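In: I'd like to go over a predicted model; first the sequence, then the structure.
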Amino acid sequence: MPLPLTARIEGLLFVAERPLTAEEIARVAGESTHAVAAALAELQSAWRDRGIMLQEQGGAYLLVSHPDVAPDIRRLLGLHRGERLTKAVLETLAIVAYYQPVTRAEIERMRGVNADHTLAVLVGRELVAAGERRQTPGRPIEYGTTFEFLKRFGLTSLADLPDRERFLAAAAENDASREESEAGDSISGSG
């Protein structure tokens, strides 16, 4: 008795060394892309509360461990949590995540400061990758997030990101609260 398509896809994703598109899976499995897409959706739903999950980015799929298992995996492998991301790096990462593909100049225009260092940190940690060159004067490199970004932040796809407008409003509110708190600290500390 042959295995169901979902089980066959699970096996393919388990051994794949890179993300696979539904088209690639369909070709290898000898199935229609529609059937593969339905099976991928079924797997994504079935694995929602499991130790593994299916990530999707740009139409490609990758089998990864659930982010909640990360502390156990780090202990098993003897790994220590890496450095935290600074506010500047997180700001740059948010811009890339919400506006991708985005160029260094666009990031700098939004942040108001040079982005060379923050982009180098993000590329070095494999949270952001350089993509193609934009077909505009100067042919700047476009940047986008990676599967490592999805894994690190526990997302199955970019669609899981909070709504951009809500995210920006919450960030502005957080900044205003921090400024009020710092102002209060300096007033009460000057007495």
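Out: Thanks, I have the structure now.
In: Show me the shaky parts of this protein.
Out: Scanning the chain for pLDDT under 70 picks out 77-83, 167-172, 174-191.
In: domain ranges for it?
Out: As assigned by automatic domain parsing, the chain contains the domains 5-68, 87-160.
In: Tabulate those domains in TSV, adding columns for distance to E173 and mean neighbour count.
Out: The way it works is simple: take the backbone N, C-alpha and C, and place the C-beta from them, glycine included. Listed next are those as TSV, based on distance: least, Cβ to Cβ, whole Å; neighbours: other Cβ atoms under 10 Å:
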stretch	distance to E173	mean neighbour count
domain 5-68	26	16
domain 87-160	15	16
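In: between those domains, which gets nearest to R75?
Out: domain 5-68 (13.1 Å; Cβ to Cβ).
In: nearest to R166, of the domains of the chain?
Out: Set against R166 and scored by Cβ to Cβ, those come closest in domain 87-160, at 11.4 Å.
In: Distance from that closest one to the middle of the chain?
Out: 10 Å (Cα atoms, centre = their mean, to the nearest Å).
In: Need phi/psi at E56.
Out: Phi and psi for E56, reported as degrees, to the nearest 10, are phi -130, psi 130.
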